[in-house]
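Q: One predicted model, sequence on top.
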Amino acid sequence: MKYVCQICGYVYDDVKEKVPFAELPDTWKCPLCGAAKSDFKPEAAQKEVPKAPVRILEDDMKELSAGQLAALCSNLARGCEKQYKSEEAGLFRELADYFTSVTPAVEDASVEKIAAALQNDIDLYGSVRAAADAASDRGAARICVWGEKVTRMLSSLVNRYLKEGEAMLAGTSIWVCSTCGFVYIGDEAPELCPVCKVPAWKFEKVEGRA
C-alpha cells in the first residue's frame, strides 16, 4: 500500500520500503517536508475529494480586524512583488505596518488556541475550494492548494510543539518560504520548497528566537 503526505505529496510505498508504514514509530517524519506520520493518508483516501457545499459569499461577509487587515495587506504586498510592481508592494507594506501597529495584544493567546484555529481553517478549505472550482477561478483554486498545504504544515508543527515543547526547537533553525509561507525546521533550508518548488535561497531564516 502507498501512503501520501497531505502537505508535500511525498509517497511512502510499503512495497519499496524496508519497514511497512504501519510499523513506523509515531515520531517518524516525512523525509521531504518534515510533516508528522499522522499527516499521511492511504493513496486511495488521498484521491477522494469531499464534496463541500458552496456557501454564498454575502452570508460570509464580515468586518476584518486590524490584525486580519495587516495579514491581508502583507500578502498583497508579496503578490505585487511577484508581479514586479514595487510601488504597489511598498504601499501595501505601509498599510500592513500600520494595521500591525494598531492591532491589540491577544490577552488569552495560547498554543492550544492556535492549534484549534489552524484545524478550523483546514476544515473550511473544502468549501472554499468548492467555491473556487464552481466559479472556474484557477487563481483562487491554486491559492487554496498552497494555502491548505501550508496550513496543514503549521498545524503539524504546532501539534508537535504541544507534545515536545521547546525541545523541538533546540539546536535547529526555522525557515520560512518567502513565496508561499511554508515553514521548515532544520539546520538548512530544503533544496526545494515542498509546496511551491522554489529554491532554497527563497527561504528566510527566522532570527531572534529566545
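A: Perfect, I can see it now.
Q: so residue 149 sits in a strand?
A: No - counting by DSSP: H, G, I helix; E, B strand; the rest coil, one finds residue 149 to be helix, located in no strand.
Q: Beta-bridge partners for the spatially closest residue to residue 157 that is not a sequence neighbour, please?
A: Closest residue to residue 157 apart from its sequence neighbours, by C-beta to C-beta, 6 or more residues apart in numbering: residue 183 at 6.2 Å. Using the backbone N, CA and C atoms, a C-beta is placed for each residue, glycine as well. Beta-bridge pairing for residue 183 (DSSP bridges): residue 176.
Q: How about the contacts made by residue 183?
A: Taking C-beta atoms under 8 Å, 6 or more residues apart in numbering as the definition of contact, the neighbours of residue 183 are 150, 153-154, 157, 174-177.
Q: In which helix or strand does the nearest residue to residue 86 once chain neighbours are set aside reside?
A: Nearest in space to residue 86, with sequence neighbours left out and distances taken as C-beta to C-beta, 6+ apart, is residue 80 at 7.6 Å. With the criterion set as DSSP states H and E, the secondary-structure element containing residue 80 is helix 66-82.
Q: go on, residue 105?
A: With DSSP H and E as the criterion, residue 105 is inside neither a helix nor a strand.
Q: Over to it: give its phi and psi.
A: Per-residue torsions, residue 105: phi -70, psi 150 (degrees, to the nearest 10).
Q: Could you report the neighbour count for it?
A: As a burial measure, residue 105 scores 5 neighbours (other C-beta atoms under 10 Å).
Q: rewinding a little: now the contacts of residue 183 in TSV, with pLDDT?
A: Output for those, formatted as TSV (pLDDT from 0 to 100):
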residue	pLDDT
150	87
153	90
154	91
157	92
174	92
175	93
176	91
177	90
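Q: May I ask which of those has the most neighbours?
A: Counting neighbours by other C-beta under 10 Å, residue 153 leads the contacts of residue 183 with 27 neighbours.
Q: And the nearest residue to that residue once chain neighbours are set aside, how close does it get to residue 90?
A: The shortest distance from residue 153 to any residue other than its chain neighbours is 5.0 Å, reached at residue 7 (C-beta to C-beta, 6+ apart). With distances defined as C-beta to C-beta, to the nearest Å, the gap from residue 7 to residue 90 amounts to 32 Å.
Q: what do you get for residue 110?
A: The span separating residue 110 from residue 90 equals 35 Å under the rule C-beta to C-beta.
Q: And these two? Which one has more around it.
A: Counting neighbours by other C-beta under 10 Å for residue 110 and for residue 90 shows that residue 90 has the greater number, 13 against 9.
Q: Can you pull up the most central residue in the protein?
A: Here the mean C-alpha position of the chain is nearest to the C-alpha of residue 150 (C-alpha atoms, centre = their mean), at a distance of 1.4 Å.
Q: ok, that one - contacts?
A: Contacts were defined as C-beta under 8 Å, 6+ apart; by that measure residue 150 touches 180-183, 195.
Q: now, which of the residues you listed sits nearest residue 62?
A: When these are compared for distance to residue 62 (C-beta to C-beta), residue 181 wins out at 23.1 Å.
Q: per-residue confidence at the closest one?
A: Model confidence at residue 181, expressed as pLDDT, equals 85.
Q: now residue 8
A: Residue 8 is assigned a predicted lDDT (pLDDT) of 87.
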